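Engineer: Structure, please.
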Amino acid sequence: MKKDYSSTLIAVGFFAGTFVLAFSSNDSDTAALRVLAYLAIGCVLSLIAIFWHKLVVPEKEQGSSHLDSVLYDAEKFSQEYGDVYVLADKMKKQRKNRNIDTTTGEPA
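Structural biologist: I've put the predicted structure just below:
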């Protein structure tokens, strides 16, 4: 599983930048305006950084994967994992043809 540290780096950048801007100015009004501007610009840039792959890269069409094709086709599944499931389906069909209840195994 690929780890993504971009959100952690963005959060650390927010905190560090906020403290640097707030404590580097002698005037409290100027510091407040710098911090608010920094947070507004930082929010926009962080959203762009986090969702860049969805904004720029077009989504690929979802093709049927190998797993989906195996799961939805009993014969392909049995080729991959054994004939147990195809045999169970055949037994159910035989019971239906003989009018046998599938849950109890007794004639209906």
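
Engineer: which outside residues touch the longest helix belonging to the chain?
Structural biologist: Assignment by DSSP state H gives helix 28-50 as the longest helix of the chain. Outside helix 28-50, the residues that touch it by CB atoms under 8 Å, 6 or more residues apart in numbering are 6-7, 10, 13-14, 17-18, 21-25, 55. Placement of C-beta: from N, CA and C, glycine included.

Engineer: Would you indicate which residues of the helix or strand following it are buried?
Structural biologist: Sequence-wise, the next helix or strand downstream of helix 28-50 (DSSP states H and E) is helix 52-56. Using 16 or more other CB atoms under 10 Å as the test for burial, helix 52-56 gives no buried residues.

Engineer: Which strands or helices does helix 52-56 pack on?
Structural biologist: The helices and strands touching helix 52-56, judged by 3 or more CB pairs under 8 Å, 6 or more residues apart in numbering; DSSP states H and E, number zero.

Engineer: what residues does it touch?
Structural biologist: Against helix 52-56 from outside (CB under 8 Å, 6+ apart): Ile48.

Engineer: before we move on, the earlier item: so which bits of the longest helix of the chain are buried?
Structural biologist: 34-35, 38, 46.

Engineer: Take these and lay them out in TSV including pLDDT and distance to Leu87.
Structural biologist: Converted to TSV, the buried residues of helix 28-50 look like this (pLDDT from 0 to 100; distance: CB to CB, whole Å):
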residue	pLDDT	distance to Leu87
Arg34	88	73
Val35	86	70
Tyr38	89	67
Ser46	81	56
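
Engineer: check contacts around Phe19.
Structural biologist: No contacts exist for Phe19 under CB under 8 Å, 6+ apart.

Engineer: helix, strand or coil for it?
Structural biologist: helix (DSSP: H, G, I helix; E, B strand; the rest coil).

Engineer: any idea how far it is from Leu9?
Structural biologist: 16 Å (CB to CB, to the nearest Å).

Engineer: pLDDT score assigned to Gly82?
Structural biologist: Listed pLDDT for Gly82 reads 66.

Engineer: Make 21 the starting number, not 1.
Structural biologist: From this message on, residue numbering opens at 21, which makes the last subject Gly102.
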